[in-house]
Structure formats: structure tokens, C-alpha cells
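Chemist: predicted model and sequence below, questions to follow.
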Amino acid sequence: MIGGVRGRYAPSPTGALHLGNLRTALLAWLVARHVGGAFILRIEDLDLPRVRPGAAAGILADLRWLGLDWDEGPDIGGLYGPYTQSARQDLYRAALARLRAEGQLYPCYCTRAELARIASAPQAGEDGPRYPGTCRTLTKRQRHQYEAQGRRPALRFRAPSPPLSFTDALAGPQRESVAERCGDFVVLRSDGIVSYQLAVVVDDALMGVTQVVRGADLLSSTARQLALFDALGYQRPTEYAHVPLLLDDSGVRMAKRDASAGLATLRAQGMTPAQVLGILASSCGLWPPGEPVSLTDLLADFDIKRVRSQ
Ligand code: GLU
């Protein structure tokens with residue numbers, strides 16, 4: 001087992017980081033560093049069609065400019081690399097093979113149109129509809145028929161029914177039955193791309209991550225990830241903190257395509273790292289508004305529980 005506190009920031013290189021992403025990175029860094037833990041940078045580029053050339057390099061440059069350093073990452077390597085998901089395919093395939101050998105996966109031939117029909121059902125939840133298990137009990141013959149029609153299957157993981165519990169440092173105690181909430185979920189897409197849920201679990205486990213700090217939009221993914229940690233016999237991370245998403249002036253969640261929301265604009269205005277850190281820290285209640293701040297000052301009495309939404 002890998003020892004000590006290990007935090008990580010795991011951005012997808014789909015564009016420049018906006019201030020919301022940078023604030024999440026800052027909080028992830030503070031959670032690891034204020035107890036002397038290691039910090040890992042991992043680039044999550046599995047969804048290749050959405051990856052933008054040069055975005056990963058820009059992300060590294062922005063984090064470095066702010067002073068958020070890392071001990072292991074795509075540029076410097078480390079014992080548990082590679083630190084770019086597209087270079088870790090063998091590890092994901094090995095995990096899939098293990099789950100498959102244990103009978104925990106099954107091929108799903110549902111088409112987009114079929115899934116969309118389920119999604120439009122009135123009981124569909126905010127995190128997408130619960131998969132009703134259409135392909136769970138297909139016979140060999142039915143599978144052959146689908147294959148003969150040229151349908152390429154996705155692989156679904158059989159979701160456990162007993163509720164899984166964890167405590168989020170900000171959202172508090174959580175309890176969810178994955179079977180009831182989402183049903184069996186996709187771990188390998190029909191286009192051959194490994195799902196986010198599977199990749200993140202394999203990576204967090206094999207990189208020995210103990211502190212998971214990320215955007216609040218991923219709180220609803222955590223139970224599915226815990227189910228995979230358990231099924232693969234991995235130790236679960238010790239702490240989860242799902243931090244508030246930063247909203248733009250009109251109250252809408254920021255998107256990476258809003259180039260103006262990135263660091264480049266602030267740097268062009270002549271802002272220093274301490275001024276930007278002040279903006280990020282004050283936007284979540286860690287520092288008085290309008291004052292620059294250093295990382296050392298933020299580390300001094302840091303407590304993730306003091307983080308507030310705007
Ligand atoms: N790659 C994800 C993102 O950029 C974060 C995944 C995670 O932290 O688990 O939103």
C-alpha cells in the first residue's frame with residue numbers, strides 16, 4: 001500500500017481552466033498540503049473528441065503561475081504514472097477484464113434512441129434515468145442476433161443494491177443505493193472509450209489517492225465509484241470534499257469555453273498571483289474580499305469546512 005496523505009487535481013483538457021476550476025485546484029492543493037501531504041496532477045483526456053490541443057500544457061502553466069505545485073504529474077512523472085489517462089489504457093483494460101471474469105459486467109446493446117426513450121420517462125432523475133436492466137438477462141442467442149445486426153455493445157457494471165455510505169466534508173453524510181438510483185452503469189462505452197467512473201477509480205486507487213477534492217457536480221458519481229472500489233478490492237479514499245461550483249455574473253455555472261473566464265484575462269490586466277489567489281479564496285469565504293493573499297497565509301489556518309458557496 002502507498003502511504004501518507006495524497007491529494008490530486010484531475011482536470012480534463014477540454015479548454016483553459018476558468019476561475020471555478022482554478023478554485024477547485026486551489027482547494028484540492030490546500031487539503032493535501034496543509035497536512036504535509038503529496039499532491040498529484042492527472043490529466044483526464046479519455047474523451048478524445050472533446051480534448052483541445054494545447055489545453056493540457058495551458059493547464060499546467062496556469063497552475064504553476066499560481067504556485068500550486070505537484071509532486072507527481074504528466075511533466076515530471078512519478079512512481080504511479082503515467083499521469084495522463086490516455087496512456088493508462090492497459091490498466092483500465094486489466095480492471096475491466098477482472099470485473100468481467102467475476103461476472104460483474106454484461107454487454108448492453110441498447111441504442112441511443114432506446115436510452116433516450118428511457119430518459120424521457122417522467123421518473124428520470126437529475127443524474128439521468130435509472131437504467132432498467134434491459135440487457136441484463138439477454139440470452140446468448142439474443143446477443144448473437146444483436147451482433148449480427150452490427151450493434152456494438154457497451155459494458156455495464158451490475159450495480160449493488162445495498163446502500164453505500166460515505167461522509168462528504170462539505171455535504172455531510174451520504175447514503176445511496178446505486179441499483180436504485182442509477183441502475184447498472186456503463187464502464188466501457190460502445191465506441192471503446194473507458195468511462196470516467198471506471199478510469200477515475202482505477203487511477204485514484206493505483207495512485208494511492210486518499211483525499212478527493214472536486215466539483216460538487218461529481219457528488220452524485222461518488223457512490224458509483226465506491227461500488228467500483230469495492231468490486232475491484234481497492235481501498236476507498238479516506239476523504240471526499242465536493243466543493244461549490246463557481247457561478248458567473250448571471251448565476252450560471254462557468255464553462256471552459258468561456259475563454260474570458262480564464263487566467264489569461266486577469267494576467268493581461270496585470271494581476272499578480274497573490275491578487276488572483278485573493279479573488280479565488282474570497283469567493284468561497286476563506287479570505288476577506290479585495291485583499292491579495294499568499295499560499296502560505298491560506299495554509300496557516302486552512303479548514304475545508306470553512307468553504308462557503310457564493
Ligand atoms: N476530470 C474531471 C473534470 O475535469 C474531474 C474528475 C474528478 O476529479 O474526479 O471535471
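Modeler: That came in fine, so what should we check first?

Chemist: please, where are all the helices along this protein?
Modeler: For the chain, the helices defined by DSSP state H occupy 19-33, 55-66, 89-101, 112-119, 140-148, 178-181, 196-206, 222-231, 263-268, 273-282, 295-300.

Chemist: out of these, which one sits most buried?
Modeler: Across those, averaging neighbours per residue (mean count of other Cβ atoms under 10 Å) puts helix 19-33 on top, at a mean of 25. Glycine gets a C-beta too; all of them are placed from N, C-alpha and C.

Chemist: and that helix, C-alpha only, in PDB?
Modeler: Extracted in PDB, the C-alpha atoms of helix 19-33 (Å, rounded to 0.1, in the frame of the first residue of the first chain):
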ATOM      1  CA  LEU A  19     -11.800  30.600 -12.200                       C
ATOM      2  CA  GLY A  20     -14.100  27.900 -10.900                       C
ATOM      3  CA  ASN A  21     -11.700  25.100 -12.000                       C
ATOM      4  CA  LEU A  22      -8.800  27.100 -10.500                       C
ATOM      5  CA  ARG A  23     -10.600  27.400  -7.200                       C
ATOM      6  CA  THR A  24     -11.200  23.700  -7.100                       C
ATOM      7  CA  ALA A  25      -7.500  23.100  -7.900                       C
ATOM      8  CA  LEU A  26      -6.600  25.600  -5.100                       C
ATOM      9  CA  LEU A  27      -8.800  23.800  -2.600                       C
ATOM     10  CA  ALA A  28      -7.500  20.300  -3.600                       C
ATOM     11  CA  TRP A  29      -3.900  21.600  -3.100                       C
ATOM     12  CA  LEU A  30      -4.700  23.200   0.300                       C
ATOM     13  CA  VAL A  31      -6.400  20.000   1.500                       C
ATOM     14  CA  ALA A  32      -3.300  17.900   0.700                       C
ATOM     15  CA  ARG A  33      -0.600  20.500   1.600                       C
END
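
Chemist: tilt between it and helix 273-282?
Modeler: Interaxial angle, helix 19-33 versus helix 273-282 (axes from the mean of the first three to the mean of the last three Cα atoms, to 10 degrees): 90 degrees.

Chemist: tell me which strands and helices helix 19-33 is in contact with?
Modeler: Packing contacts for helix 19-33, counted by 3 or more Cβ pairs under 8 Å, 6 or more residues apart in numbering; DSSP states H and E, involve strand 6-9, strand 38-41, helix 55-66, strand 211-215, strand 239-243, helix 273-282, helix 295-300.

Chemist: which of the helices of the chain comes out lowest on mean pLDDT?
Modeler: Of all the helices of the chain, helix 112-119 carries the lowest average pLDDT, namely a mean of 80.

Chemist: what's that helix in contact with?
Modeler: For helix 112-119, contacts defined as Cβ atoms under 8 Å, 6 or more residues apart in numbering pick out 124, 128-129, 131-132, 134.

Chemist: which non-adjacent residue is nearest Glu72?
Modeler: What sits nearest to Glu72 in space, not counting adjacent residues and going by Cβ to Cβ, 6 or more residues apart in numbering, is Gly78, at 2.8 Å.

Chemist: number of residues surrounding the one you found?
Modeler: 16 (other Cβ atoms under 10 Å).

Chemist: so what's the residue of the stretch 151-300 of the chain found nearest the ligand up against?
Modeler: Proximity of the stretch 151-300 of the chain to the ligand (Cβ to the nearest ligand atom) peaks at Arg214, 3.5 Å away. Arg214 sits next to 10, 24, 28, 241-243 when contact means Cβ under 8 Å, 6+ apart.

Chemist: likewise for Val202?
Modeler: By Cβ under 8 Å, 6+ apart, the neighbours of Val202 are 88, 91-92, 95, 232.

Chemist: give me that answer again for 6 Å
Modeler: 91-92, 95 (Cβ atoms under 6 Å, 6 or more residues apart in numbering).

Chemist: need the residues of the protein near the ligand, please.
Modeler: Residues of the chain found near the ligand (Cβ under 6 Å from any ligand atom) are 10-12, 44, 200, 214, 218.

Chemist: ok, of those, which come out buried?
Modeler: 10-12, 44, 200, 214 (16 or more other Cβ atoms under 10 Å).

Chemist: circling back: how about the helices of the chain in a markdown table, adding distance to Val5?
Modeler: Below are those laid out as a markdown table (distance: least, Cβ to Cβ, whole Å):
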| stretch | distance to Val5 |
| --- | --- |
| helix 19-33 | 6 |
| helix 55-66 | 19 |
| helix 89-101 | 23 |
| helix 112-119 | 40 |
| helix 140-148 | 46 |
| helix 178-181 | 27 |
| helix 196-206 | 14 |
| helix 222-231 | 18 |
| helix 263-268 | 27 |
| helix 273-282 | 21 |
| helix 295-300 | 14 |
